[in-house]
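All I have is the shape, not the residue letters:
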């Protein structure tokens, strides 16, 4: 089962590209309505695969970078290795 990016983060910037959200006109679909594209929390190691809901396993991403991570296996693998390094470093500091 594919996970869903956890809670939408208002005011945070994408940790890859720095994008911070924007208002977009959706009046062609919903007359007179503006929407706000927001960043999301991406779990590097999915919760369903034993990943933790902790900062070492989370990235704040814009919609574009989030799609890239899910579609590009090389990028996804690199991000997972980075998260594991952060987790190990944190575990050493706590012990």
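Cool, got the structure. Remember, it's a predicted structure, so these values are computed and weren't measured experimentally.

I'd say residue 90 and residue 56 touch.
Yes - counting by C-beta atoms under 8 Å, residue 56 is a contact partner of residue 90 at 5.5 Å. Every residue, glycine included, has its C-beta placed from N, CA and C.

who's more crowded, those two?
Per other C-beta atoms under 10 Å, whichever of residue 90 and residue 56 has more neighbours is residue 56, with 18 against 13.

give me every residue that touches the more buried one.
83, 86-87, 90 (C-beta atoms under 8 Å, 6 or more residues apart in numbering).

Helix, strand, or coil at residue 59?
Following DSSP: H, G, I helix; E, B strand; the rest coil, the label given to residue 59 is strand.

Spatially central residue in this protein, please.
In the chain, the centroid-proximal residue (C-alpha atoms, centre = their mean) is residue 42; its distance is 2.8 Å.

so that one is in which element?
Residue 42 is part of strand 39-43, with elements assigned from DSSP states H and E.

Can you give me the neighbour number for residue 39?
Neighbours of residue 39 using other C-beta under 10 Å come to 24.

Ok, residue 37 next?
Applying other C-beta under 10 Å, we find 14 residues neighbouring residue 37.

was I right about it contacting residue 14?
No - the criterion here is C-beta under 8 Å, and residue 37 misses it with residue 14 at 11.0 Å.
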